[in-house]
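> Next comes the sequence, and after it the predicted model I'd like to discuss.
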Protein chains: 2
Amino acid sequence: MPDQLVDCVPNFSEGRRPDVIAAIRDAVGAVAGVRVLDLHADADHNRSVLTYVVPVPRAVESGLAAAKAALAHIDLRTHEGAHPRMGALDVFPFVPLFELPMAACVELANELGRAIASELGVPVYLYEEAARRPDRVNLENIRKGGFETLLSVLPSDPDRAPDFGPSVVHPTAGAVAVGARRPLIAFNVYLGTAEPALAKAIAKAVRHSSGGLRYVKALGLEIPESGTTQVSMNLTNFKSTSIVRVMDLIRAEAARWGVPVLRSEVVGLIPLDAMLDAAQAFLQLREFSRDQVLERRLLSE
Amino acid sequence: MPDQLVDCVPNFSEGRRPDVIAAIRDAVGAVAGVRVLDLHADADHNRSVLTYVVPVPRAVESGLAAAKAALAHIDLRTHEGAHPRMGALDVFPFVPLFELPMAACVELANELGRAIASELGVPVYLYEEAARRPDRVNLENIRKGGFETLLSVLPSDPDRAPDFGPSVVHPTAGAVAVGARRPLIAFNVYLGTAEPALAKAIAKAVRHSSGGLRYVKALGLEIPESGTTQVSMNLTNFKSTSIVRVMDLIRAEAARWGVPVLRSEVVGLIPLDAMLDAAQAFLQLREFSRDQVLERRLLSE
């Protein structure tokens, strides 16, 4: 495998029409080297999330194929759904795989942004690690008000001018946020208590917003009729805030309340390196090269 | 990656002449699809271990290339070394990767054995999972006395007749054991005690031969001048005796003596699934599909 791979997670504003969802997936899948890993369609949100990997030299081509297919099949004027959105292709993040530097993903975001703007006439905002302004790191700031608000305010509000393309939204495809980000891990821990207050207290202790670990978002949730509760988390940067630290802290907090940790779950995909972090912790492997993992060498060499 | 892969770990009776070792490695590496992962030469043993992976349809061809190269470059009549051996290519195990069944490796061992016997006139013994007789499961039974003994006893002792090929050893290349086996993990755990007696007691508790875990071989060793000792292990079937159980048992035994577990190490390569076992244990992931590991899907699909 000579070329480095990048992970792409485009979000589309279509979660109900299977033919359209399949057409977009197939348009991306037709680009040489693309391997589709996951496609999750949500009818309530009327939104789909495609996960695929592609060699870096083909990444912009694949992203442009995604944008073109979305533009061809989705008309935001008639789109309704529970999830905020501003574009047919709404969000396109590049996520590093293996040793690919974040800077390479930022570069891809810039190239794809320029291509979407110039070839399709759709305004593009760079977000998260690719953001050029601090207030555009957070996607929600860019998308505020959604397609309908942007339609009216974009031409007259210089503060909302896109990073690439016209200062007017595309009449049917809207605008798109292209960016680069760390892989996200959706990680839930089940607690042997029916008291939501305890799950909420543990979530509060572990999450960044209330003083906990920097790259953790967490909620304490009831799991009705199960006698259990859950700490539901997003780990937004597992390289800096290891899943090992998260588990250690939850165990310590739960133990203080006499609450057993029953089990945990990963929703969707998890990067191999996060699993190897956990394995190294369990096995107390101090000096360990990840190239010692036989199958990993088949990928990274 | 359309074809399933198999791991091959041929052992050669040459650990001193770099040009010969390189020539054998290159002969194997020239077979289409072969990826050499590791080459370990030991001058004292006068022996080398090559580790490579190859798509199953090319596996027999690659093994035959290994046998031919060894025959061309090694003359056992002048070979000396500390390690027991009976062949120029001494041992050739096929090891399953990913979902490849052991039965496929046994079939490969049979095909390669037949090919080596018929094309090179070298007698072949099938061992371990490929053995046709219970007394040939253990390689040491087959190799007893080495090349020199086999030279004289093989023609007259029907009990030592090979599974394939002539009942006379090849004059320079000897005989070869071809087999199928589980991946082997060389795993050492360091203890915070200078007393070898404690390391030996823990090794005894954990190893199969003295009543411990079925697929564990273990020795307690002194690590001079470090103030530590080591439980040095081979895990011969990590699917049945998980590295998680091994670590749990060592921790429990060490705790009983008030001995801290300092760290551990993997010597050489470790299969991804063993690391994922440890990660699942640490994270308490009860329901988890290994296809949720993003990079693993790139290999196994």
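Received it, and whenever you're ready, just let me know what you need.
> surely A:Ala43 meets A:Arg16?
Yes. Shown here, A:Ala43 and A:Arg16 form a contact pair, counting by Cβ atoms under 8 Å, at 5.1 Å. Every residue, glycine included, has its C-beta placed from N, CA and C.
> And the helices in the stretch 1-150 of chain A, which stretches?
A:18-29, A:56-73, A:102-120, A:139-143, A:146-153 (DSSP state H, counting those that start in this stretch).
> who are the neighbours in contact with the residue of the stretch 1-150 of chain A found nearest chain B?
Residue nearest to chain B within the stretch 1-150 of chain A (Cβ to the nearest Cβ): A:Leu37, separated by 5.6 Å. Contacts for A:Leu37 (Cβ atoms under 8 Å, 6 or more residues apart in numbering or on different chains) come out as A:Thr51, A:Tyr52, A:Val53, A:Leu269, B:Leu294, B:Arg297.
> What of A:Val31?
A:Val54, A:Arg58, A:Glu61, A:Ser62, A:Ala65.
> Next, count neighbours for the second one.
A count of nearby residues for A:Arg58, using other Cβ atoms under 10 Å in any protein chain shown, gives 17.
> Pull the contacting residues for it.
Residues in contact with A:Arg58 (Cβ under 8 Å, 6+ apart) are A:Val31, A:Ala32, A:Gly33, A:Val34.
> any weak-confidence spans in the stretch 1-150 of chain A?
Scanning the stretch 1-150 of chain A for pLDDT under 70 picks out the ranges A:1-2.
> Need the pLDDT of the residue lying farthest from the centre of chain A.
Distance from the C-alpha centroid of chain A peaks at A:Gly258, with 34.6 Å (Cα atoms, centre = their mean). You'll see A:Gly258 listed with a pLDDT of 96.
> how about the strands in chain A?
Assigned strands in chain A, in chain order: A:5-8, A:11-12, A:35-42, A:47-55, A:89-96, A:124-128, A:176-180, A:185-191, A:216-223, A:228-235, A:261-267 (criterion: DSSP state E).
> I'd like to know which of these is closest to B:Arg114.
Closest to B:Arg114 of those, according to Cβ to Cβ: strand A:35-42, at 37.5 Å.
> Each with direction, which strands does that closest one pair with?
strand A:47-55 (antiparallel) (DSSP bridges).
> OK, contacts around the most centrally placed residue in chain A?
Nearest to the mean C-alpha position of chain A, by Cα atoms, centre = their mean, lies A:Leu184 at 5.7 Å. Neighbouring residues of A:Leu184 by Cβ under 8 Å, 6+ apart: A:Asn234, A:Leu235, A:Thr236.
> Now it, what are its backbone angles?
A:Leu184 adopts backbone torsions of phi -110, psi 140, taken as degrees, to the nearest 10.
> list the buried ones in stretch A:157-175?
Buried positions in stretch A:157-175, judged by neighbour count with 16 or more other Cβ atoms under 10 Å in any protein chain shown: A:Arg160, A:Pro162, A:Asp163, A:Phe164, A:Gly165, A:Val169, A:His170, A:Thr172, A:Ala173, A:Gly174, A:Ala175.
> What subset of the contacts of A:Val31 is buried?
Neighbour-count burial (16+ other Cβ under 10 Å) is assigned, among the contacts of A:Val31, to A:Val54, A:Arg58, A:Glu61, A:Ser62, A:Ala65.
> Show me what residue of the stretch 101-250 of chain A gets nearest to chain B.
Closest point on the stretch 101-250 of chain A to chain B, by Cβ to the nearest Cβ, is A:Met247, at 6.0 Å.
> mind checking pLDDT for the residue nearest to that residue when sequence neighbours are not counted?
Closest residue to A:Met247 apart from its sequence neighbours, by Cβ to Cβ, 6 or more residues apart in numbering or on different chains: B:Leu283 at 6.0 Å. The model reports B:Leu283 with a pLDDT of 97.
> Repeat that for A:Ser300.
57.
> most tightly surrounded among the helices of the stretch 1-150 of chain A?
Of these, the one with the most neighbours on average (mean count of other Cβ atoms under 10 Å in any protein chain shown) is helix A:56-73, at a mean of 22.
> Can you pull the residues of the stretch 201-301 of chain A lying near chain B?
For the stretch 201-301 of chain A, the residues in contact with chain B (Cβ under 8 Å from any Cβ of the partner chain) are A:243-244, A:247, A:261-266, A:268-272, A:275-279, A:281-288, A:292-299, A:301.
> Would you write a ChimeraX line that selects the buried entries of these?
A single ChimeraX command is used to select the members of those judged buried by 16+ other Cβ under 10 Å:
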select /A:243,244,247,261,262,263,264,265,266,269,270,271,272,275,276,277,278,279,281,282,283,284,285,288,292,293,294,295,296,297,298,299
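> Narrow the residues of the stretch 201-301 of chain A next to chain B to those in helices?
Judged by DSSP state H, the subset of those located in helices is A:243-244, A:247, A:272, A:275-279, A:281-283, A:294-299.
> quick one: low-confidence ranges for the stretch 201-301 of chain A?
Using pLDDT under 70, the stretch 201-301 of chain A drops low at A:300-301.
> near chain B, which residues of the stretch 51-200 of chain A show up?
Counting by Cβ under 8 Å from any Cβ, the stretch 51-200 of chain A sits next to chain B at A:Val53, A:Leu97, A:Phe98, A:Pro183, A:Val189.
> Redo those as JSON lines? Include neighbour count.
Shown next, in JSON lines, are those (neighbours: other Cβ atoms under 10 Å in any protein chain shown):
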{"residue": "A:Val53", "neighbour count": "21"}
{"residue": "A:Leu97", "neighbour count": "23"}
{"residue": "A:Phe98", "neighbour count": "18"}
{"residue": "A:Pro183", "neighbour count": "21"}
{"residue": "A:Val189", "neighbour count": "26"}
